[in-house]
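Engineer: next one to model:
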Amino acid sequence: MLDHVTIGVGDIERSKAFYDQALAAIGIVRLYAEGEAFAGYGVGRKAFFWIGLKDAAITGTHVAFVVPDRPAVDRFHQAALAAGGCDNGGPGLRPHYHPDYYGAFVLDPDGHNIEAVCHEAP
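Structural biologist: Have a look, this model is predicted:
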């Protein structure tokens, strides 16, 4: 079981702007900041997704956020693209994972693969 995850970013302000917009679409907001180097996102008072400034961002990380329904996947994808993300797989079924796997993938400004996924039937 995971408590939280932190990914490295090359430009903290650019990444905060991206995640503020993309994650707000699925009810996840920036809750905390540790100086100019880290920001924590979550729900309520619990931050479970953190971004941290690194000298050289490590790309290729894949983080998937579970959402309650398919429209939330669609909202995430639209908001993430509007925030400057690059499409890495639009909203849709991925039956090769399982019959009700509905997800969308976006590359953040550092190349991390960020996903919203719903496992429920419509």
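Engineer: CA only for contacts and neighbour counts going forward, please
Structural biologist: Fine.
Engineer: other residues contacting the lowest-mean-pLDDT helix or strand in the chain?
Structural biologist: Using mean pLDDT, DSSP states H and E, strand 29-34 stands out as the lowest-scoring helix or strand of the chain, at a mean of 93. Contacts to strand 29-34, defined as Cα atoms under 8 Å, 6 or more residues apart in numbering, come from residues Asp20, Leu23, Ala39, Gly40, Tyr41, Gly42, Val43, Arg45, Lys46, Ala47.
Engineer: how about stretch 67-84?
Structural biologist: If you take Cα under 8 Å, 6+ apart as the criterion, stretch 67-84 is touched by 17-19, 21-23, 25-26, 87, 90-91, 102-106, 108-109, 116-118, 120, 122.
Engineer: how far is that stretch from where the chain is centred?
Structural biologist: How far stretch 67-84 lies from its chain's middle: 10 Å, per Cα atoms, centre = their mean, to the nearest Å.
Engineer: now do stretch 47-57
Structural biologist: 12 Å.
Engineer: check stretch 30-38 too.
Structural biologist: Distance of stretch 30-38 from its chain centroid, counting by Cα atoms, centre = their mean, is 17 Å.
Engineer: cool, thanks, signing off.
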